[in-house]
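Just to be clear, the model below is a prediction. Sequence and coordinates:
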Amino acid sequence: MVRTESTGSGRTATLSDVARLAGVSIATASKAINGRDEVAPATRRRVLEAAEQLAFTPNQLARSLLAGRTGTVGLLTSDLEGRFVIPILMGAEDAFGAGQVNVFLCDARGDAIREQHHLKALLNRRVDGIIVVGRQTDPRPSLGTLPVPVVYAYAPSDDPDDLSITPDNRAGGRLAVEHLISCGRSRIAHISGDPAYAAARDRLLGVRDGLQAAGLELVGDAMFSVWSEHWGRDAAAMLLAQHPEVDGIVCGSDQIARGVLDTLRDLGRRVPEDVAVIGYDNWEVLATNSRPELTSIDANLQQLGRTAAKRVFTALDDERRSGTEYEPVRLVIRGSTIPRR
């Protein structure tokens, strides 16, 4: 049996013991053991040597972080049935780890009074932290100053002193355009949803960024309405009647893109040979059942949930952050932009 050398009581070594032996803060010890880049090599080496001397293993990290705490975290959402919320919650739960942290899930159903009721219940349970998940990327009201760390996921807080994690929709719009240009497209249009949504506005900004960087301009005006296949069909018909030269279309959602594909097929336009189409959200049930399968921008929602969970832990480790962090998105290429060989 391995004995813990310098705790002096025969108990299992904690992260605090490692930090004390290495002469660093608990936050620095945590970063060193987790391989974070912010730690100097000499400091990392000293921390790892201390961990080895105390027989402290990375598996003990979660237990040490929870020392003196309840080991519970609240997940407060306003839209449990939403297809954007579920992956975020799954990612957060993955990061907390099976059996390491107990998670209390509360659904406010978009009701501010119900949200306050759930918030009070979570605080009464003495949770160590709270993740607040919104239904869209528009800023939401802050919960104010609370006795535990709070991280806002997907919908950022309207208070810059809070910490928020949200998808980088502007980068997503630019990524979509850059992909179409790489496929040889230069006459690109944009069809999106409700302009009242921050996501629609941010994606358009990204589209314009990508076009400007390539010395191109948007064909016609950006077209906005509802997030539906019906609008995608109608918008594509209007677009092609006014601008038959279009050879690439960036859509604000996969639903809209599905409608665009229908109209292109009805008008005898081949996809992607005549017109390349890219969607947004990577809603797989839509994207993989489209004809052809739909290239799309994936918001990496599970990773966003994991990041939010990690930020709760770093806040518990006295490393509090504020402001909005933008989670990278990714391109998923399918047949609507690249011909099948």
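The structure has been received and is ready for your questions. Numbers count the residues shown, from 1 in each chain.

which residue packs closest to Glu38, ignoring adjacent ones?
Among residues not flanking Glu38 along the chain, Lys31 sits closest, at 5.7 Å (Cβ to Cβ, 6 or more residues apart in numbering). C-beta coordinates here come from the backbone N, C-alpha and C atoms, glycine included.

From what I see, that neighbour and Val39 are in contact.
Yes. Applying Cβ atoms under 8 Å, one finds Lys31 in contact with Val39, separated by 4.9 Å.

Assumed Ile131 was part of a strand.
Yes. The assignment for Ile131 by DSSP: H, G, I helix; E, B strand; the rest coil puts it in a strand.

give the contact list for Cys183.
By Cβ atoms under 8 Å, 6 or more residues apart in numbering, the contact set of Cys183 is 248, 272, 276, 337-338.

In helices, which of the residues you listed fall?
Mapping the contacts of Cys183 onto helices (DSSP state H) picks out no residues; all lie outside.

so where is this protein shaky, pLDDT-wise?
For the chain, the stretches with pLDDT under 70 are 1-12, 34-37, 57-68, 81, 97-100, 340-341.

For it, which segments count as strands?
All strands of the chain, identified by DSSP state E, fall at 72-77, 102-107, 129-133, 150-153, 163-167, 188-192, 223-224, 248-251, 276-280, 295-298, 323-327, 330-332.

Dump those strands to CSV, plus mean neighbour count.
Listed next are the strands of the chain as CSV, based on neighbours: other Cβ atoms under 10 Å:
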stretch, mean neighbour count
strand 72-77, 24
strand 102-107, 16
strand 129-133, 25
strand 150-153, 26
strand 163-167, 26
strand 188-192, 26
strand 223-224, 20
strand 248-251, 30
strand 276-280, 28
strand 295-298, 27
strand 323-327, 16
strand 330-332, 15
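
Need these in TSV (columns: distance to Asp94).
Putting these into TSV (distance: least, Cβ to Cβ, whole Å) gives the following:
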stretch	distance to Asp94
strand 72-77	12
strand 102-107	11
strand 129-133	13
strand 150-153	14
strand 163-167	15
strand 188-192	31
strand 223-224	36
strand 248-251	30
strand 276-280	24
strand 295-298	17
strand 323-327	15
strand 330-332	18
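
what's the closest of the ones you listed to Asp262?
strand 276-280 (10.8 Å; Cβ to Cβ).

all helices of this structure, in order?
Using DSSP H, helices in the chain cover 15-22, 26-33, 41-53, 61-65, 85-96, 112-124, 169-182, 198-213, 229-242, 254-266, 284-287, 301-316.

Name the residues linked to Leu163 by a beta bridge.
Val151, Gly323 (DSSP bridges).

Show the contacting residues for it.
149-152, 157, 311, 315, 320-323, 325.

Which single one of the residues you listed is nearest to Gly184?
Nearest to Gly184 out of the contacts of Leu163 is Glu325 (Cβ to Cβ; 34.8 Å).
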